[in-house]
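K.L.:
The sequence isn't on hand, but the structure is:
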C-alpha cells in the first residue's frame, strides 16, 4: 500500500501554508475542523514540530472561541493549550486559523 498525503483543508491561508503542512484531520465539529500539522523546516530537536491547527468558522461564536483561546494561552498551565499562531483567511471572507500545541 502506498501512503498518500491527505487532501489539504479547504481553508488553509497562504501564511499558514508557508509555516505548516497538514498531516491528517483530528476532528470535525459544528463550528471548527482540527488538523494535525507539521511545522515546515522543523526537526525533532526544535520541539513543537507537530501542532494542532483549528480552522474556525467566521461567525460570532467562532470569533469568541478565538478570543477565549488567546486569553487562555496567556496562562501557563500543563492542561491549557498554548496558542502559537493566529491567522485570518482573507480569501474566503474571514475564517480564523488557530495553531496550538
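P.N.:
Nice, thanks for sending it over. If you're wondering where the values come from, they're calculated on a predicted model, not measured in any experiment. Residues are numbered from 1 along each chain as shown.

K.L.:
Let me see the contact set for the nearest residue to residue 19 once chain neighbours are set aside.
P.N.:
Spatial nearest neighbour of residue 19, chain neighbours left out: residue 40 (5.9 Å); criterion: CB to CB, 6 or more residues apart in numbering. Every residue, glycine included, has its C-beta placed from N, CA and C. Residue 40 makes contacts with 18, 19, 20, 21, as judged by CB atoms under 8 Å, 6 or more residues apart in numbering.

K.L.:
who wins for most neighbours among those residues?
P.N.:
In terms of neighbours by other CB atoms under 10 Å, the contacts of residue 40 top out with residue 20 at 23 neighbours.

K.L.:
Quickly list what that residue is bridged to.
P.N.:
Note on residue 20: beta-bridge partners residue 39, judged by DSSP bridges.

K.L.:
ok, now the one 5 residues further on?
P.N.:
When assigned by DSSP bridges, residue 25 has beta-bridge partners residue 35.

K.L.:
ok, now how distant is it from residue 33?
P.N.:
Per CB to CB, to the nearest Å, residue 25 is found 7 Å from residue 33.
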